[in-house]
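> coords below, sequence missing:
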């Protein structure tokens, strides 16, 4: 196996595992206003599964994750991986979040705690048995963030109205 293909296999395996472990949950309704302290773009610094070594993300690893928190409750999450000489955006989910007084929810799931550093530049959270460290990033171009958000939006299933139109237009007898 060549090294370009072998370098992407662990990143894609991790991406598949993350997607399989989280059952799709699509938040319904109007987003609620969020605590402004987490609004912005956050990039995963590291993750550590309980009982395992810390996995550092980003530079030199070929894998990272990004979360976008909009001021109106908009939420997008994607994985970023190196594939050969290119990078791919692997949309994870798109929907809503809330954050107030340290209580955090995304996609309508059960609330969890999120620990925000005093300087507001890092946050720490837990997803099942994985502990994540994130850093706020203000240097990522808006065009790139808009692209990632769009990819996350496009990865969602069509609304019930569009589902009905698809059924009627392509599969009705």
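Received it, and whenever you're ready, just let me know what you need. Keep in mind that this is a model prediction, so the values were computed, not measured. Numbering: from 1, shown residues only.

> pull out the buried residues from stretch 68-78.
Within stretch 68-78, the residues that count as buried by 16 or more other CB atoms under 10 Å are 68-69, 73-78. In short, each C-beta sits where N, CA and C put it, glycine included.

> sorry, that was for stretch 90-103
By neighbour count with 16+ other CB under 10 Å, stretch 90-103 contains the buried residues 90-99.

> still on that earlier bit, pLDDT-wise, what's the bottom of the buried residues of stretch 68-78?
Scanning those for pLDDT, the low point is residue 73. It has 93.

> element containing the most centrally placed residue in the chain?
Taking CA atoms, centre = their mean, the centroid of the chain lies closest to residue 77, which sits 1.9 Å from it. Applying DSSP states H and E as the criterion places residue 77 in strand 74-83.

> sorry, back to before: which of the buried residues of stretch 90-103 fall in strands?
The members of the buried residues of stretch 90-103 that map onto strands under DSSP state E are 90-99.

> tabulate the residues you listed (a markdown table), appending pLDDT and distance to residue 162.
Converted to a markdown table, these look like this (pLDDT from 0 to 100; distance: CB to CB, whole Å):
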| residue | pLDDT | distance to residue 162 |
| --- | --- | --- |
| 90 | 97 | 23 |
| 91 | 97 | 18 |
| 92 | 96 | 21 |
| 93 | 95 | 18 |
| 94 | 96 | 15 |
| 95 | 95 | 17 |
| 96 | 95 | 19 |
| 97 | 94 | 24 |
| 98 | 92 | 26 |
| 99 | 89 | 30 |
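
> tabulate these (CSV), appending distance to residue 134.
Formatted as CSV, those follow (distance: CB to CB, whole Å):
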residue, distance to residue 134
90, 17
91, 18
92, 14
93, 16
94, 18
95, 18
96, 18
97, 13
98, 17
99, 13
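
> let me know the closest of those to residue 158.
Distance to residue 158 across those (CB to CB) is lowest for residue 94, with 13.0 Å.

> list the residues that contact that closest one.
Shown in contact with residue 94 (CB atoms under 8 Å, 6 or more residues apart in numbering): 75-77, 149, 152-153, 155-156.

> any weak-confidence spans in this structure?
Low-confidence segments of the chain (pLDDT under 70): 1-35.

> which parts of it are helices?
Counting by DSSP state H, one finds helices in the chain at the ranges 3-21, 142-154, 160-166.
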